[in-house]
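Participant: quick one, what's the 3D model for this:
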Amino acid sequence: MITVKCAKCGRKIFKYNKIGKGKLLHCWSDRIVKDYSVRNGNEIRCSCGNLIGVIEKKWVRMKQHTFTYSGTITKK
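Facilitator: Sure thing, here's the model as predicted:
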């Protein structure tokens, strides 16, 4: 389980169950455990207004360098 935070203000965006190694390029919607984000149409933003990602079908395409994450990654 990892915690995705805003790179601008440090607030939590969501808790996500990441499986496998590698960069966080997109997040599957069904693996988001807890959501703290502000949604505006298909955009996912932090409460400070920072654009974190865009919803596309079954996943969220993450905008790189707008977020940080920490926690334990589940191995496949």
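Participant: burial count for Gly20?
Facilitator: 8 (other Cβ atoms under 10 Å). For the C-beta atoms, the positions are set from N, CA and C on the backbone; glycine is no exception.
Participant: how about the strands of this structure, start to end?
Facilitator: With DSSP state E as the criterion, the chain has strands at 2-6, 12-16, 26-28, 32-35, 38-40, 43-45, 51-56, 59-62, 67-71.
Participant: in CSV: these, plus mean pLDDT and mean neighbour count.
Facilitator: Putting the strands of the chain into CSV (pLDDT from 0 to 100; neighbours: other Cβ atoms under 10 Å) gives the following:
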stretch, mean pLDDT, mean neighbour count
strand 2-6, 94, 20
strand 12-16, 94, 21
strand 26-28, 93, 17
strand 32-35, 94, 14
strand 38-40, 92, 12
strand 43-45, 94, 19
strand 51-56, 94, 17
strand 59-62, 95, 19
strand 67-71, 92, 14
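Participant: His26 and Ser37, how far apart?
Facilitator: Distance, His26 to Ser37, using Cβ to Cβ, to the nearest Å: 15 Å.
Participant: need the contact list for Ile32.
Facilitator: Phe14, Lys15, Tyr16, Val60 (Cβ atoms under 8 Å, 6 or more residues apart in numbering).
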